[in-house]
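Chemist: test case, fold it:
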Amino acid sequence: MLLEEVTDAQLSEDVSETSTDLSDFCSEDESILDESFLERVQALKDIIPGVFRAKIYQKVTSFVSAIRSILRFGGKTLWVLATSVLLLGTPLVLAIEEEEKMIAYDKEFKMQQKAHEVLAPGTSSAAFSPPVPQRSGSLI
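Modeler: Got it, this is the predicted structure:
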């Protein structure tokens, strides 16, 4: 076995060569990492034939167009349904509410008549009858 003496100068040269090799390797990695997704897709142009790219483009375009049409139709349908419910539902709710008030008023009137008959049997109930409520015109 032969031993050689290594000087500090030779050792520093070896270390500097190794560090430059590593920096070259790191700079290549950094350039790959700095590459954007769009640049990578553009690099695929050379790999994928033009005819196949045209077919892919056509299918993607038709898919996007179909989605747009569906969303546009869905939005218009939702608008029609919402406005119809508001225009038809609001008067209906008001009419139902008015009808419930009238039913409650009739119940109260009948209860008052029964209470009057129990307290004063044989008297005419015309004197104690409440005024007839005036019904406004129907909203529907």
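
Chemist: which strands and helices sit next to the helix ranked longest in the chain?
Modeler: Criterion DSSP state H: the longest helix present in the chain is helix 50-119. Applying 3 or more Cβ pairs under 8 Å, 6 or more residues apart in numbering; DSSP states H and E, we find helix 50-119 packed against no helix or strand. No exception for glycine: its C-beta is placed from N, CA and C like everyone else's.

Chemist: where in this protein is pLDDT low?
Modeler: 1-3, 6, 9, 11-33, 122-140 (pLDDT under 70).

Chemist: kindly recompute the last result at 90.
Modeler: 1-50, 53, 114-140 (pLDDT under 90).

Chemist: now residue 50: how far from residue 63?
Modeler: Note on residue 50: its distance to residue 63, by Cβ to Cβ, to the nearest Å, is 20 Å.

Chemist: ignore the last one, residue 101
Modeler: Taking Cβ to Cβ, one finds residue 101 at 56 Å from residue 63.

Chemist: now do residue 93
Modeler: 43 Å.
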